[in-house]
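Chemist: next come a sequence and a model predicted from it.
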Amino acid sequence: MKKIIRKGLYYATDWRIWYVVVLVGLIQMYPVAVSDGQDNSNQLPNSEELSNSINSSFDVRGIDVSHHNNEIDWAEVGLKKGSGQTHFCFMKATEGGDFIDKRFVHNWSEAKRHGIAKGAYHFYRPDIAPEIQAKNFIQNVWLSEGDFAPVLDFEVQGRNRRQHRHLTKNITKWLEIVEAAYGIKPIIYTNLHIYNQYIKGTPLDEYPIWASQYNTEQLIGFDDANVFFWQHSQTGKTAGIVGDVDHNVYLGTYLDLFKLKVKRSRENDG
């Protein structure tokens, strides 16, 4: 009888240990897994019709792409006119300390060849020093006059308290290094959750914002932000691209658009 009781206690203790391990793991992953934090309760169903409706309401429209969009027929993208015309494209260049998007160089040159205004973004990793990440971007992206300012994709918070505690300081460091290299204030791509927690009411509020928010007819919650771009759909359709592509619109004036573009070229310095 004692053996049975002890065995039962052993399994109960073993079960509790595994429960704690799983719970701790989920808590650590939480900031990354739910970084978007968008409340979809009052939003409309995601649809191509809604995306097209928003696009047609704005004069300047664009897309953003990465290697996930596979091979793109840029000639086809550049041919489309009217309400479906693509005026600009942001493309992933780098991530973390050493990742380079495998399609960046090709996409960059082809977008230029077909007359599409272009910009490059870096996906920020909270677990890697900002100086290393800034160097990765600067060494791989050579902006020319007329290109958009560099973009920092800020949408994850990290996996532990230490990363959270230093996140704003490290993000600021990346922005300062990149601004010094290109001579223009970078753009921050982010979502409402990150904006409210790390940007609103801080010095980061001074940077141009590219806001991500889907399935709604208008941008909500960024009232006091310097928002110039709105990524309103992840399931848009564009000629020349197979499958879904992110759709964006420009919210500012043509004068603002000029201010967001590089004034001098940064050549490859080796």
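Modeler: Arrived safely. Residues are numbered from 1 along each chain as shown.

Chemist: doesn't K118 fall inside a strand?
Modeler: Yes: checked against DSSP: H, G, I helix; E, B strand; the rest coil, K118 lies within a strand.

Chemist: which residues touch it?
Modeler: K118 makes contact with 88-91, 108, 111-112, 147-148, according to Cβ atoms under 8 Å, 6 or more residues apart in numbering. The C-beta positions use only the backbone N, C-alpha and C, and glycine is treated the same way.

Chemist: among these, which lie within helices?
Modeler: Counting by DSSP state H, the contacts of K118 place 108, 111-112 in helices.

Chemist: now render these as JSON lines, adding pLDDT.
Modeler: Listed next are these as JSON lines, based on pLDDT from 0 to 100:
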{"residue": "W108", "pLDDT": "98"}
{"residue": "A111", "pLDDT": "96"}
{"residue": "K112", "pLDDT": "95"}
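
Chemist: would you show me how to pick out the buried ones of those in ChimeraX?
Modeler: ChimeraX command restricting these to the buried ones, with burial defined by 16 or more other Cβ atoms under 10 Å:
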select :108,111
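
Chemist: nearest to N160, of the ones in helices among the contacts of K118?
Modeler: Nearest to N160 among those is W108, at 34.9 Å by Cβ to Cβ.

Chemist: next one: the closest one from L260, what distance?
Modeler: Shown here: W108 relative to L260, a distance of 18 Å by Cβ to Cβ, to the nearest Å.

Chemist: over to V141?
Modeler: Per Cβ to Cβ, V141 is found 16 Å from L260.

Chemist: one more: Y214?
Modeler: Y214 is 23 Å from L260, by Cβ to Cβ.

Chemist: ok, now W210?
Modeler: On the measure of Cβ to Cβ, W210 and L260 end up 10 Å apart.
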